[in-house]
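# Everything below, folded, please.
(one chain, ligands or ions: 2)
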Amino acid sequence: YSRDRIRNFCIIAHIDHGKSTLADRLLEYTGTLTEREMDEQVLDQMDLERERGITIKLQAVRLSYKAKDGQQYLLNLIDTPGHVDFSYEVSRSLAACEGALLVVDAAQGIEAQTLANVYLALEHDLEIIPVINKVDLPSAEPERVKKEIEEVIGLDTGDAVYASAKTGLGVEEILEQIVEKIPPPKGETDAPLSALIFDSHYDPYKGVIAYVRVVNGIIKKGMNIRLMSTCKEMEVNEVGMFQPAMTDTGVLNAGEVGYFAASIKNVKDIQVGDTVTGTERPAAQPLPGYRKAVSMVFCGLYPVETVNYEDLRDALEKLKLNDAALVYEPETSAALGFGFRCGFLGLLHMEIVQERLEREYNLLLITTAPNVVYQVTTTSGDVFRVENPHNLPPQDLLVKIEEPFIKATIMVPKDFVGGVMELCQEKRGEFKNMEYLSPERVMLIYEMPLSEIIFDYYDQLKSRTKGYASLDYDLAGYKETDLVKLDILIGGEVMDALSMIVHKDKAYYRGRALVERLRKLIPRQMFEIPVQASIGNKVIARENIKAMRKDVLAKCYGGDITRKRKLLEKQKEGKKRMKQVGNVEIPQEAFMAVLSIN
Ligand code: GDP
Ligand code: MG
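Numbering: from 1, shown residues only. Ligands and ions are numbered 1, 2, ... in the order given. So this is what the prediction gives:
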């Protein structure tokens, strides 16, 4: 393909507006996959993504399309995630495109992530093609949605495509508009190589596979290349494209999207966002970087069995390659032993990483409750970040504690505005603005502490609006607030893994509720054990875990033998997630108990 027949594009949408389904239709229509080959929603490859019906990792495929002008075009489709946690991945895929399909559900209209993604696309100067999807639905209101797009985003919707990813309506029109409206990639094949690494994964046979968008020059098999951030050099031993499976083509030209392998064993050698150039004729400077991932939430990950520490480290290292947003460093806990403190984009990201570690690497983990990063100023004038609440210096050494705030954009039908405002108030939110998107729908802007969002905010928002609210947020900076450290003592010992930082007004309530919950979660032990909550040295709540009764097991005898065996098996199963701390056995749930307290 000559460069003027190449189009690189992505699809941006709010979650559930039909991005994956539309991608499938585009693949089908262009014959990229035969119907039999076509497993539903090929772009969502990871099991987890399928189960949850969300797109996390961006994927790239290559479509070949014969347009009405009689010419054959090469269309590179780069999939983007739709969840608020992953907007940074969206930014990565946008950097590899010249255009974007903006998919909006005709029955829903613009939602919080639609807006967030459009702003990102505009930042990257992309040509935006509005697609009003799901027009087959009886509740579809394409005219209203078109008006919303014009008024709220300011995009011309004169050529907006009415589509149904379900029936295939509008698919040809979309392909034609991609060809007509999205500019071909710029860049010169004769110039020195510069290619942007936008993703990577680890292959046990080929080593690290880097996903690249070639901006200038060519990359081919046998060539010596250099990674510009580290100056590491290597020989390329495979180059190819996604069709959608990796297909060896031997070469990638300026404007093309594909992958290369270079027997890279060390996962740390390839960094997403880095620029690849040739050793012989290097580019003068690296390509401009794009938005870096910011870890919003941290938690501790510990192997249930101490011997699995090294396995956990290897697994994190491999996962990190697939997931540049994951950060981690070793941490030691008096209660839990050797583990890692890990940083995530948000709670969903955290859950996904935990699940992948357990499923793909067969690890059993204890996870501590998530927390945000605090910024602390001490009386000696030091300013530093606290990623683990346990490490907060004593109150009398502190000048101030600052916590991260977000700017939340919430879109909701007008009848639910009252409920949403009440919720935001409860979460220490500060009202900033309210705007009518249409006579029926309202956009609310609040500034809220991130720590309040990461607990149950999103679930509450959904339940108080019957699922109609959508949320997007951006970091808005740090603010000083009245925070204290709440410690939990079990058997008189502080459990470092259970310490948390909370707002003073909520500390007493949280402490009492947590202690009560822990009493229920921690099984009876050989001796009576006190569970206490304290602020500074002051105990604010106490409960006792009673000693085990001697006849617990005896009860099982005399009954039917299989029932007893089942019981013991079940016990063993549960034990796996128990952590022996001193002489107390603590179940996984105890470490997350704080999440179930309002
Ligand atoms: P994504 O989260 O944006 O990737 O959305 P999906 O492609 O997973 O679609 C979400 C849901 O909407 C799925 O149940 C789809 O079957 C459904 N869906 C997608 N497009 C259409 C459409 O054009 N019409 C109808 N009726 N349903 C659709
Ligand atoms: Mg999807």
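
# looking at it, residue 521 is touching residue 585, isn't it?
No. Distance between residue 521 and residue 585: 11.2 Å, which falls outside the contact criterion (CB atoms under 8 Å). (Each C-beta comes from the backbone N, C-alpha and C, glycine too.)

# quick one, which of these two is more surrounded?
Under the neighbour definition other CB atoms under 10 Å, residue 521 and residue 585 were set side by side, and residue 521 has more, 18 against 15.

# roughly how far apart are the more buried one and residue 545?
Relative to residue 545, residue 521 is positioned 10 Å away (criterion: CB to CB, to the nearest Å).

# Show me which residues of the stretch 151-300 of the chain are close to ligand 1?
Taking CB under 6 Å from any ligand atom, the part of the stretch 151-300 of the chain that reaches ligand 1 is made up of 164, 165, 166.

# so the second one sits in a strand?
No. Assigned with DSSP: H, G, I helix; E, B strand; the rest coil, residue 165 falls outside any strand and is coil.

# and it, what is it in contact with?
Residues counted as contacts of residue 165 (CB atoms under 8 Å, 6 or more residues apart in numbering) are 18, 21, 22, 24, 25, 133, 134, 171.

# count of neighbours near the last one?
By the other CB under 10 Å criterion, the neighbourhood of residue 171 contains 20 residues.

# Got the phi and psi for it?
In this entry, residue 171 is assigned phi and psi values of phi -70, psi -40 (degrees, to the nearest 10).

# What does the pLDDT read for it?
As predicted, residue 171 sits at a pLDDT of 97.

# Distance of it relative to residue 230?
Residue 171 is 43 Å from residue 230, where distance means CB to CB.

# With the fifth one instead?
Residue 25 sits at a distance of 41 Å from residue 230 (criterion: CB to CB).

# the more surrounded of these two?
The neighbour count for residue 25 versus residue 230, taken as other CB under 10 Å, is higher for residue 25 (22 against 12).

# ok, how many other residues are close to the closest residue to ligand 2 within the chain?
Using CB to the ion, residue 20 is the residue of the chain that sits closest to ligand 2, at 3.2 Å. One way to gauge burial is a neighbour count; for residue 20, by other CB under 10 Å, it gives 24.

# where does it land in three-state SS?
Here residue 20 takes the helix state, with states given by three-state DSSP.

# What separation do you get for it and ligand 1?
For residue 20, the distance to ligand 1 (CB to the nearest ligand atom, to the nearest Å) stands at 3 Å.

# Give me the pLDDT for that residue.
83.

# With the one 3 residues further on instead?
On pLDDT, residue 23 comes in at 88.

# Next: residue 558.
In this model, residue 558 is scored at 46, pLDDT.

# ok, the closest residue to residue 468 other than its chain neighbours - contacts?
For residue 468, ignoring the flanking residues on the chain, the nearest one in space by CB to CB, 6 or more residues apart in numbering is residue 413 at 5.3 Å. With contacts taken as CB under 8 Å, 6+ apart, residue 413 has the following neighbours: 440, 441, 442, 465, 468.

# What's opposite residue 413 in the beta bridge?
Applying DSSP bridges to residue 413 yields these beta-bridge partners: residue 441.

# Tell me how far it lies from residue 422.
Distance from residue 413 to residue 422, counting by CB to CB: 16 Å.

# who's in contact with residue 543?
Listed by CB under 8 Å, 6+ apart, the contact partners of residue 543 are 515, 516, 518, 519, 530, 531.

# Not counting sequence-adjacent ones, nearest residue to it?
If you skip the residues right next to it in sequence, residue 543 has residue 519 as its closest partner in space, 4.1 Å away by CB to CB, 6+ apart.

# Quick check: that neighbour touching residue 529?
No. Using CB under 8 Å as the test, residue 519 is too far from residue 529 to be in contact (9.4 Å).

# Compare the two (neighbour count), which wins?
Counted by other CB under 10 Å, residue 519 and residue 529 do not tie: residue 529 has more neighbours, with 20 against 16.

# Report the beta-bridge partners for the more buried one.
Using DSSP bridges, the beta-bridge partners of residue 529 come out as residue 545.

# Just give me the neighbour total for the closest residue to residue 9 other than its chain neighbours.
Excluding the flanking residues, the one nearest residue 9 by CB to CB, 6+ apart is residue 99, at 4.4 Å. Summarising burial for residue 99: neighbours were counted as other CB under 10 Å, giving 20.

# Which strand residues bridge residue 99?
Using DSSP bridges, the beta-bridge partners of residue 99 come out as residue 9, residue 127.

# cool, the one 5 residues further on as well?
Assessed by DSSP bridges, residue 104 has beta-bridge partners residue 132.

# For it, which residues are in contact?
Residues counted as contacts of residue 104 (CB under 8 Å, 6+ apart) are 13, 14, 17, 110, 114, 130, 131, 132, 133, 145, 148, 149.

# so what's it scoring on pLDDT?
Per-residue pLDDT puts residue 104 at 96.

# For stretch 14-31, buried residues please.
14-28, 30 (16 or more other CB atoms under 10 Å).
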